[in-house]
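1. Okay, sequence plus prediction incoming.
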Amino acid sequence: MKNMIKQVVHQKLKNITAEDLIAYGKEYEIQLTKDQAKAIVAYLKQTDLNPLEEKDRLKALKKLAQITDPKTAQKVNRIFQQMIKDNGLSHWF
């Protein structure tokens, strides 16, 4: 089951658009410029990081902090951790 979830998340990350990211940002009160969203999408499309692995998530958050700023990366991480907890997925991460 974990591999299936990994594939679904990986596919979603590879297919996300800048407009999607901006919409998610608004939903979670994270401000992103169009240029930032485009840079994040470009990074997600070129990387093969596994979002289920902590070390890979940390790499992605560091890159996000470079593209945006450290506060934005911290907020994204808190939202991600809360979503994991709220959906009972802690045992996969």
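-> Alright, I've got the coordinates. Numbering: from 1, shown residues only.

2. Would you report the backbone torsion angles of Tyr43?
-> Here is the backbone geometry of Tyr43 (degrees, to the nearest 10): phi -60, psi -50.

3. separation between the nearest residue to it once chain neighbours are set aside and Ala39?
-> Nearest residue to Tyr43, sequence neighbours excluded (Cβ to Cβ, 6 or more residues apart in numbering): Lys63, at 5.6 Å. Where you see a C-beta, it was placed from the backbone N, CA and C, and this is true even at glycine. Distance from Lys63 to Ala39, counting by Cβ to Cβ, to the nearest Å: 9 Å.

4. Thought Ile22 was touching Ala37, still the case?
-> Yes - Ala37 is within contact range of Ile22, at 5.2 Å (criterion: Cβ atoms under 8 Å).

5. hey, where'd the strands end up in this protein?
-> For the chain, no strands turn up when DSSP state E is the criterion.

6. so where do the helices sit in it?
-> 2-15, 18-27, 34-46, 54-67, 70-86 (DSSP state H).

7. These into CSV, with extra columns for mean neighbour count?
-> As requested, the helices of the chain are exported to CSV (neighbours: other Cβ atoms under 10 Å):
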stretch, mean neighbour count
helix 2-15, 12
helix 18-27, 15
helix 34-46, 16
helix 54-67, 15
helix 70-86, 14
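
8. looking at these, which one has the lowest mean pLDDT?
-> Per-stretch mean pLDDT for those is lowest at helix 2-15 (a mean of 82).

9. Quick one: distance of that one to the chain centre.
-> Taking Cα atoms, centre = their mean, to the nearest Å, the mean C-alpha location of helix 2-15 is offset from the chain mean by 12 Å.
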